[in-house]
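K.L.:
Below are the sequence and a predicted model; questions follow.
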Amino acid sequence: MEDLNLQQRLFARPVKRIGDVLFSLVALVITSPLFILLALLVKLSSAGPVFYIQERVGRNYSRFGCIKFRTMFAESDDLLSNLLDKSPELKKEFERDFKLREDPRITPIGKFLRRSSLDELPQLLNILRGQMSLVGPRPIVADEIPRYGDSMNKVLSVRPGLTGLWQVSGRNNLSYQRRVRLDLIYSTHRTILLDIRVIIRTFGVLLLPRDRGAY
């Protein structure tokens, strides 16, 4: 049974990659008018580049530039440093989650992009480049690696995903430990069927008018 499961996972890899490429190409074509509109809104809303590229850790610990629409003011690093120096509570929140629920660095259009998850639309380009997959663990920054402990090698044995179990299970409303657990579950039990289930649930999360934990 174990050999059969291994064969299924090995077979699923090329199938998954073909699916990633085809989906990304089709999605980019279909959403191109929206893509251009959002790029214009970001550019016009505040000074700075349209895209924000942050180094993330990919499969086998490789580093890549994760592409998003910029949702913060250009001077966000200085704003964060000053904010955390003045507020121990916010510093504790940021060290715990690597995010702030009420973040003054976020632009007005950025708030909409984050809550709708449209800021992640450019990651379709990361998928085409083979740096990400449609479904997978969260793409983390290097500072998060110690949080994963012994789970890290397993989690980074697969490409990070545009969506995944944590995105359809509460996202930022989950504890960090729960996020790590979901990433480990996916990396250990990944199948094409699981990917399909996550994709279906992702559309449900995006369409239902409720708090998705995105901020």
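P.N.:
Yep, that arrived.
K.L.:
Count the residues that sit near residue 61.
P.N.:
11 (other C-beta atoms under 10 Å). The C-beta positions use only the backbone N, C-alpha and C, and glycine is treated the same way.
K.L.:
Enumerate every residue touching it.
P.N.:
residue 156 (C-beta atoms under 8 Å, 6 or more residues apart in numbering).
K.L.:
how much space is there between it and residue 40?
P.N.:
Residue 61 sits 37 Å away from residue 40, going by C-beta to C-beta, to the nearest Å.
K.L.:
and if you look at residue 206?
P.N.:
Counting by C-beta to C-beta, the gap from residue 206 to residue 40 is 22 Å.
K.L.:
Comparing those two, which residue is more hemmed in?
P.N.:
Comparing residue 206 with residue 40 by other C-beta under 10 Å, the one with more neighbours is residue 206, at 15 against 11.
K.L.:
Am I right that the more buried one is in a helix?
P.N.:
Yes. Per DSSP: H, G, I helix; E, B strand; the rest coil, residue 206 lies within a helix segment.
K.L.:
Please name the nearest non-neighbouring residue to it.
P.N.:
Ranked by C-beta to C-beta, 6 or more residues apart in numbering and with sequence neighbours excluded, the top spatial neighbour of residue 206 is residue 117, at 6.5 Å.
K.L.:
List phi and psi for that neighbour.
P.N.:
In terms of degrees, to the nearest 10, the main-chain angles of residue 117 are phi 70, psi 10.
K.L.:
Next, count neighbours for residue 122.
P.N.:
Residues near residue 122, counting by other C-beta under 10 Å: 20.
K.L.:
Look up how far residue 162 lies from it.
P.N.:
10 Å.
K.L.:
Could you do residue 41 as well?
P.N.:
21 Å.
K.L.:
Those two: which is more packed in?
P.N.:
Using other C-beta under 10 Å as the criterion, residue 41 and residue 162 rank with residue 162 on top: 25 against 17.
K.L.:
from what I can see that one touches residue 135, true?
P.N.:
Yes. Between residue 162 and residue 135 there is a contact at 7.5 Å, judged by C-beta atoms under 8 Å.
K.L.:
how's the chain carved up into domains?
P.N.:
2-71+106-207, 73-105 (automatic domain parsing).
K.L.:
Just name the most buried of those.
P.N.:
Mean neighbour count, computed with mean count of other C-beta atoms under 10 Å, is highest for domain 2-71+106-207 among those, reaching a mean of 17.
K.L.:
Please compute how far it lies from its chain's middle.
P.N.:
Computed by C-alpha atoms, centre = their mean, to the nearest Å, the separation of domain 2-71+106-207 from the middle of its chain amounts to 4 Å.
K.L.:
low-confidence ranges in the chain?
P.N.:
1-11, 76-78, 95, 97-100, 102, 209-215 (pLDDT under 70).
K.L.:
where do the helices sit along it?
P.N.:
Ranges of helices in the chain, per DSSP state H, are 2-30, 32-45, 76-86, 88-97, 108-116, 123-128, 145-148, 152-155, 176-189, 192-207.
K.L.:
Output the contacting helices and strands for the last one.
P.N.:
When you say that, I think you mean helix 192-207. For helix 192-207, the elements it packs on are helix 2-30, strand 133-135, strand 161-163, judged by 3 or more C-beta pairs under 8 Å, 6 or more residues apart in numbering; DSSP states H and E.
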